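Novice: Quick one, structure for this:
(chains A and B)
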Amino acid sequence: MRTPGVMGAMLPAVRDGASLNQALDLGYRQVLIERGSLLAMVGPLASAARQGIAIFVNLDAVEGLAPDSAALAFLATDLGLSGVLSVKPHLLKDASRFRLRTVQRIHALDSTGLETGLNSIVSPPPYAIAVAPAVAVPQVMSTIRGTTRTPIWGTGFISSVEQANEVLAAGADVVSSGRPEVWREFSRIAVS
Amino acid sequence: MAAVIRRGEELPRALGSQVPAVFFLRAPAFHLGPLVWAVQARGKLAFVHVDLIAGLGKDRAGIAFLAREIGVNGIITSHSGLVAAAKAERVIAVQRLLLYDDLGLSSALAALDHARPDIVEVLPGVIFPLVVDQIRARLPLPMIVGGFVKEPAQRESALQRGAVAISTSTAELWG
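Specialist: The predicted structure follows:
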C-alpha cells in the first residue's frame, strides 16, 4: 500500500503532539515534523498515520533518531509515515528502499551553497525538493528551475499568509509554516 | 563591503575595487598563500571560509596553518569549535548564522552567544530584516549580512538596519 502524499499547498510544521492535534483539528491531512523529539510523539503519529494523514519527517533536525536504516525502517514499517526530508543523498536513497517518499532538502543561504545543493540532487529525482528558508524561494526559483522540474517545497521562516503566498506565487508547490495562526488563516482561504 | 571570491579569476576585480575585505570561499588550502598576500598587499583584509576549503583539516591544526603559515586576517566558519581555535590563534573569527529554519533560531543564537565570535555573518540576506531585532537582543556583536545580496537596495536596507558590512559575490556591488 502506498502511503498518502501531499495534496494541498500548506504543510503545517509541527513539533509535538499538541501542535499535531492543532493541525488535524483545522482539517489538515498532512504535516511535517520539523523539530522536536519524534520519539516523544510516537503514539499520536502512528494513530494519525493509520487515519491516512500524510506525515513527513525532517531527519536532519528531529531529535531521537539516528540517520540510519534502522530509523528509516521504524518510520516506514512501525509508524507508517509517508516520507522523510534530508540533505543527505545516501539517506534518501536508503529511504526509498523502505518505500518512503523522499524529499531532498537544499539550503538557499548563498549562491555557493545553493549550487552545492543542486549538484547533490539524487537520481532518480526525489518526490520533492525542500528549499530552506522558504522566504528565499522567490530569489532562487529561476536558478532551481534551470536544473530540475521536481516539485518544490518551501520550509522555514514563514510567519504570515502573505509570505506563504509569495512563495507559492514564485512557483513553489507547497509551503510549510510552524505558526498555527498561518495554518488557521490559510485553511480559511483554501476553503472559501 | 566584503568581496566574496569563489574562483581565482574573480580576484583581480576585487583587488581593483574599493572593498576593504575579501572572503575566500572554496579556496584550495595549499595554493592559497599568493592569493591572500595579493589581497593584503592592496591594504585589504583576507578572510578564508574554513568549512569549504579543500584539503585542510577542519580542526586546530588547520586553523593554525592558516594563521601562522599563510597569515590570514580572519576565518569564517559555522562551527563554534573553530571559532575557539581562531581566537586562540588571534585571528578574527567570523561565525556564520545560517537561517534556514525559524524553529532552530533560538538554539543557533544560544550557540553563537556561547562561542562569542568577533563578527556574526547572517545568511541569507532576505531574512535579516525579519530577525535583526531578535538577534541584537541576544547578541551584542557586529553583524555582516550575506547570501543572495545582489541589488544595491538590499545592501542599503541591511546597512540601515545596523549591519556593519555586506558580503557578496556580485561584483557590481563591490564599488
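Novice: which bits of chain A sit near chain B?
Specialist: Contact residues, chain A versus chain B (CB under 8 Å from any CB of the partner chain): A:13, A:15, A:34-35, A:61, A:107-113, A:132-133, A:135-136, A:139-140, A:155-159, A:178. Backbone N, C-alpha and C define where each C-beta goes, glycine included.
Novice: which of those count as buried?
Specialist: Among the residues of chain A next to chain B, those classed as buried by 16 or more other CB atoms under 10 Å in any protein chain shown are A:13, A:15, A:34-35, A:61, A:107-113, A:132-133, A:135-136, A:139-140, A:155-158, A:178.
Novice: Show only the entries of those found in helices.
Specialist: Judged by DSSP state H, the subset of those located in helices is A:111-113, A:139-140.
Novice: JSON lines for the residues you listed, including pLDDT?
Specialist: JSON lines is the format used below for those (pLDDT from 0 to 100):
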{"residue": "A:Ser111", "pLDDT": "93"}
{"residue": "A:Thr112", "pLDDT": "91"}
{"residue": "A:Gly113", "pLDDT": "92"}
{"residue": "A:Gln139", "pLDDT": "95"}
{"residue": "A:Val140", "pLDDT": "97"}
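Novice: Out of the residues you listed, give me the two with the largest separation.
Specialist: Distance extremes for these: the farthest pair is A:Thr112 and A:Gln139 at 14.4 Å, using CB to CB.
Novice: wait, A:Leu38 sits on A:Val57?
Specialist: Yes. Between A:Leu38 and A:Val57 there is a contact at 6.3 Å, judged by CB atoms under 8 Å.
Novice: mind listing what the residue nearest the centre of chain B touches?
Specialist: Using CA atoms, centre = their mean, the residue of chain B that lies closest to the mean C-alpha position is B:Ile76, 4.6 Å off. B:Ile76 makes contact with B:23, B:47-51, B:94-96, B:121 under the criterion CB atoms under 8 Å, 6 or more residues apart in numbering or on different chains.
Novice: now swap in A:Glu166 and tell me
Specialist: Here A:Glu166 is in contact with A:135, A:138 (criterion: CB under 8 Å, 6+ apart).
Novice: residue ranges with poor pLDDT in chain A?
Specialist: Chain A contains residues with pLDDT under 70 at A:1-2, A:189-192.
Novice: Once you drop chain neighbours, what's closest to A:Pro89?
Specialist: A:Val122 (4.8 Å; CB to CB, 6 or more residues apart in numbering or on different chains).
Novice: Would you mind giving both backbone torsions of that neighbour?
Specialist: Main-chain torsions, A:Val122, degrees, to the nearest 10: phi -70, psi 160.
Novice: ok, it - how many residues close by?
Specialist: If you count neighbours by other CB atoms under 10 Å in any protein chain shown, A:Val122 ends up with 17.
Novice: give the contact list for it.
Specialist: A:89, A:92-93, A:102, A:104 are the contacts of A:Val122 under CB under 8 Å, 6+ apart.
Novice: do A:Ala61 as well
Specialist: A:34-35, B:101, B:103-104.
Novice: Nearest residue to the middle of chain A?
Specialist: By CA atoms, centre = their mean, the mean C-alpha position of chain A lies nearest to A:Leu32, the distance being 5.0 Å.
Novice: Helix or strand: which one has that residue?
Specialist: Element membership for A:Leu32 (DSSP states H and E) is strand A:30-33.
Novice: Note down every partner strand of that strand and its orientation.
Specialist: Paired neighbours of strand A:30-33 in the sheet (DSSP bridges): strand A:10-14 (parallel), strand A:54-58 (parallel).
Novice: about what we covered before: what's the pLDDT at the residue nearest to the centre of chain B?
Specialist: You'll see B:Ile76 listed with a pLDDT of 98.
Novice: what element comes up after whichever strand or helix holds it heading to the C-terminus?
Specialist: B:Ile76 belongs to strand B:74-77 when elements are defined using DSSP H and E. Following strand B:74-77 in sequence order, the next helix or strand is helix B:80-88 (DSSP H and E).
Novice: Alright, calling it a day.
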